[in-house]
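> curious how this folds, go ahead:
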Amino acid sequence: MSSIITPKQKDRLLTRPVDESDEEILKDRRLNDFYVRKALKRWIGSIQDINLALNTLPERQISELFKEGIKDEDVFVLLEIAERALVNLDFLPIQRNEAGKLIAVKNLVTYPVDGEGPERDFSIKREATDLDKDRFSNLQKHIARLEMFVKPQQATICNDLDRLYFKYITKIAKREGHEPEILPEQNRFLPRLTPEQYRFREKQALLIGLGVRHIEYPSDVETFKEAMCSDEGNALIKKFHSMQAEPPA
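Got it, this is the predicted structure:
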C-alpha cells in the first residue's frame, strides 16, 4: 500500500530531535512537519470521495479490495483515527437533566493527590445545541452497528451493511418464515430518561411486578416511589432480598 508521506519524512517524524537549541535543526523539523500536514490534509480531504466510491462500486469489487489491501491492524488504526477526530472536534455526551432538558456534559471522577478525602466529580455542562444532538444520535447509530461485532445476538438491523453482514443468516430465517426487524435509519437515539429515572430502571423486575412497565416522566418516578412504599412493594423487595441470599442450585 502506497504511503502518503515519503520514507525521509517518516524517518524525520520518528527521529524528532531532542536538542531544540539548534536553529537549523528546528528549521528542518518545521519544514518536515509542514509537508506532512499538507499530505494529511490531502488524505482527510479525500475521505468523502473514498466513502462515495465504497457506496457505489459493485459489492464484489469492494470485497476483493478489502481482502487484498486491508489488514486487521489497519482496521484498528482507522478506529483510532476516528477516536482522535471525536476528541479534537470535542464530541460531547448528552443527557436529560431533572427538568427534562437536554444538556451536553463531560464528567471526570478524580481522587485527592494526597490520598486522603473523598473522590470528587468535576464536570462541564451546558445546554445541548442542535449540533450536539445530531452528533450524539449519529454516533449512537454507529455504536449500535459496531456492537454486532462484539455481541453474539442482534434484535434489529438498520442499513445495507447490516443486511450484508447477516445475509446468510437472513436467508435461513426467511426460509423458516422469519425476518429480522428493520430499524429505520431516521430512528433517533437521543436520551429519553433523566439520570434519576435510569437508576429506577435498574429495578425493572420490581417495576413489572408492580405493574409499572415504563418510566419516562417525573410523574412516573413519583408513581414508582409510592408503589415501593406500599405493602406490595415491600413484599417484593423482601422476596428479592431472600432470592439474593439463597445459594445457587
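> list the buried residues for stretch 156-176?
Neighbour counts over stretch 156-176 (16 or more other Cβ atoms under 10 Å) mark 157-158, 162, 165-166, 170 as buried. For every residue, glycine as well, the C-beta is placed using N, CA and C.
> which of these lies closest to L79?
Y165 (16.9 Å; Cβ to Cβ).
> which pair of the buried residues of stretch 156-176 spans the longest distance?
Pairwise over these, using Cβ to Cβ, the maximum falls at C158 and T170, 13.5 Å.
> related to what we said a few turns ago, tell me which of the buried residues of stretch 156-176 fall in helices.
162, 165, 170 (DSSP state H).
> put the alpha carbons of stretch 95-109 into CSV.
Output of stretch 95-109 as CSV, limited to C-alpha atoms (Å, rounded to 0.1, in the frame of the first residue of the first chain):
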residue,chain,number,x,y,z
GLN,A,95,-28.4,13.5,28.7
ARG,A,96,-31.6,14.9,30.1
ASN,A,97,-31.4,16.9,33.4
GLU,A,98,-34.0,16.6,36.1
ALA,A,99,-36.1,19.2,34.3
GLY,A,100,-36.1,17.1,31.2
LYS,A,101,-33.9,19.5,29.2
LEU,A,102,-31.1,18.0,27.0
ILE,A,103,-27.7,19.0,28.2
ALA,A,104,-24.2,18.3,26.9
VAL,A,105,-22.0,17.0,29.8
LYS,A,106,-18.4,15.8,30.3
ASN,A,107,-17.6,14.2,33.7
LEU,A,108,-14.4,13.2,35.3
VAL,A,109,-14.0,11.5,38.7
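> where in the protein is pLDDT low?
Filtered on pLDDT under 70, the chain yields the residue ranges 1-2, 20, 184-188, 196-225, 227, 236-237, 239-249.
> the residue most central in space within it and C158, how far apart?
Centroid-nearest residue in the chain: I143, 4.3 Å away (criterion: Cα atoms, centre = their mean). Applying Cβ to Cβ, to the nearest Å, the value for I143 to C158 is 12 Å.
> before we move on, what about L14?
L14 sits 42 Å away from C158, going by Cβ to Cβ.
> got the buried residues of stretch 156-176 as CSV, with distance to E80 columns?
Shown next, in CSV, are the buried residues of stretch 156-176 (distance: Cβ to Cβ, whole Å):
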residue, distance to E80
I157, 27
C158, 25
D162, 24
Y165, 22
F166, 27
T170, 32
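> closest to E116 among those residues?
Nearest to E116 among the buried residues of stretch 156-176, counting by Cβ to Cβ, is C158 at 49.7 Å.
> isn't the closest one up against Q140?
No - using Cβ atoms under 8 Å, C158 makes no contact with Q140, being 11.3 Å away.
> list the contacts of the top helix by length along the chain.
Using DSSP H to define each element, the chain has its longest helix at helix 23-45. Residues from elsewhere that reach helix 23-45 (Cβ atoms under 8 Å, 6 or more residues apart in numbering): 4-5, 9, 12-13, 16-17, 19-20.
> where along this protein do the strands fall?
Secondary structure of the chain (DSSP state E): strands at 94-96, 102-110, 120-127, 156-157, 181-182.
> what's the closest of the ones you listed to A53?
strand 156-157 (23.6 Å).
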